[in-house]
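Chemist: Curious how this folds, go ahead:
(chains A and B)
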Amino acid sequence: SQQGEEDPQALSIQEGENATMNCSYKTSINNLQWYRQNSGRGLVHLILIRSNEREKHSGRLRVTLDTSKKSSSLLITASRAADTASYFCATDAGGSNYKLTFGKGTLLTVNP
Amino acid sequence: GAVVSQHPSRVICKSGTSVKIECRSLDFQATTMFWYRQFPKQSLMLMATSNEGSKATYEQGVEKDKFLINHASLTLSTLTVTSAHPEDSSFYICSASRQGITDTQYFGPGTRLTVL
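Modeler: The predicted structure follows:
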């Protein structure tokens, strides 16, 4: 079953606006990560937030994590056309059977 | 640093043939490599995890005889899709980590497989 579910599935905004994407998951996690994927390409790691953290920043990115609601959000501020991509959250539960479980992603389009 | 390459980037083959995809860590040694499959507009699904010199660990539902994985060195893992069929058409992405399954994964650019 899908662990991470992002919403919205697609988001279209104008350059300069902020973009917010959400991720919900079902079971307890150790870490939650966000990745970006340009069309037909591999994944680029954006940010990792641990289960005991509530908020993390990296440049124009802000990630929040609410473990009580089993959800996370990724905020991209002052978006640029180059931010156009699909964004995925991925969770892991730690332990010996460690693996990343990805959501279906949000397709972000930033219009110039 | 931490660059992962895949070859080929695209491959088209006839049904029944076998296809080999290479995943290389270019500037680091990877003790663990992962193979994912991604259908159009879908998420990545982990197929298998391989440690250098060991047999790969396959996820439930992934046929090990269909998807042969070899991790012969610390910089190379290969995925062979044997007797490929149209339903095997997909985007295959590998990732590599320096130190084990919980370390940061660096992803390759993916290989688009089309089986006619």
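Chemist: Tell me the helix or strand right after the lowest-mean-pLDDT helix or strand in chain A.
Modeler: Using mean pLDDT, DSSP states H and E, the weakest-scoring helix or strand in chain A turns out to be strand A:5-7, at a mean of 75. Going down the chain from strand A:5-7, the next helix or strand is strand A:10-14, by DSSP states H and E.
Chemist: residue contacts, residue 37?
Modeler: All of this refers to chain A. A:43-44, A:85-88, A:105 (Cβ atoms under 8 Å, 6 or more residues apart in numbering or on different chains). C-beta: built from backbone N, CA, C; applies to glycine.
Chemist: not what I meant, chain B
Modeler: Residues counted as contacts of residue B:37 (Cβ under 8 Å, 6+ apart) are B:44-45, B:47, B:90-93.
Chemist: All the strands of the chain, residue numbers only.
Modeler: Let's take chain A. Ranges of strands within chain A are A:5-7, A:10-14, A:19-24, A:31-37, A:43-50, A:55-58, A:61-66, A:71-76, A:85-92, A:101-102, A:106-111, based on DSSP state E.
Chemist: not what I meant, chain B
Modeler: With strands called from DSSP E, chain B shows them at B:4-7, B:10-13, B:19-25, B:32-38, B:44-51, B:57-58, B:67-73, B:76-81, B:90-97, B:106-107, B:111-115.
Chemist: Select, out of the ones you listed, the one closest to residue A:36.
Modeler: Nearest to residue A:36, of all those, is strand B:106-107, at 10.5 Å by Cβ to Cβ.
Chemist: Just checking: what are the partner strands of the closest one?
Modeler: Note on strand B:106-107: by DSSP bridges, its sheet partners are strand B:90-97 (antiparallel).
Chemist: contacting residues around the residue nearest to residue A:28 when sequence neighbours are not counted?
Modeler: Excluding its sequence neighbours, the residue lying closest to residue A:28 (Cβ to Cβ, 6 or more residues apart in numbering or on different chains) is residue A:93, at 6.4 Å. Neighbour list for residue A:93: A:27-30 [criterion: Cβ under 8 Å, 6+ apart].
Chemist: of those, closest to residue B:112?
Modeler: Checking those against residue B:112 with Cβ to Cβ, the nearest one is residue A:29 at 30.8 Å.
Chemist: Now do the same for stretch A:16-30: mean pLDDT, whole number.
Modeler: The pLDDT scores in stretch A:16-30 average 93.
Chemist: Endpoints of that stretch, how far apart?
Modeler: Stretch A:16-30 has its terminal residues 33 Å apart, counting by Cα to Cα, to the nearest Å.
Chemist: hang on, the earlier thing: could you dump the strands of chain A into JSON lines and include distance to residue B:56?
Modeler: Supplementary listing: those in JSON lines, determined by distance: least, Cβ to Cβ, whole Å:
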{"stretch": "strand A:5-7", "distance to residue B:56": "28"}
{"stretch": "strand A:10-14", "distance to residue B:56": "35"}
{"stretch": "strand A:19-24", "distance to residue B:56": "29"}
{"stretch": "strand A:31-37", "distance to residue B:56": "23"}
{"stretch": "strand A:43-50", "distance to residue B:56": "20"}
{"stretch": "strand A:55-58", "distance to residue B:56": "33"}
{"stretch": "strand A:61-66", "distance to residue B:56": "32"}
{"stretch": "strand A:71-76", "distance to residue B:56": "30"}
{"stretch": "strand A:85-92", "distance to residue B:56": "19"}
{"stretch": "strand A:101-102", "distance to residue B:56": "18"}
{"stretch": "strand A:106-111", "distance to residue B:56": "31"}
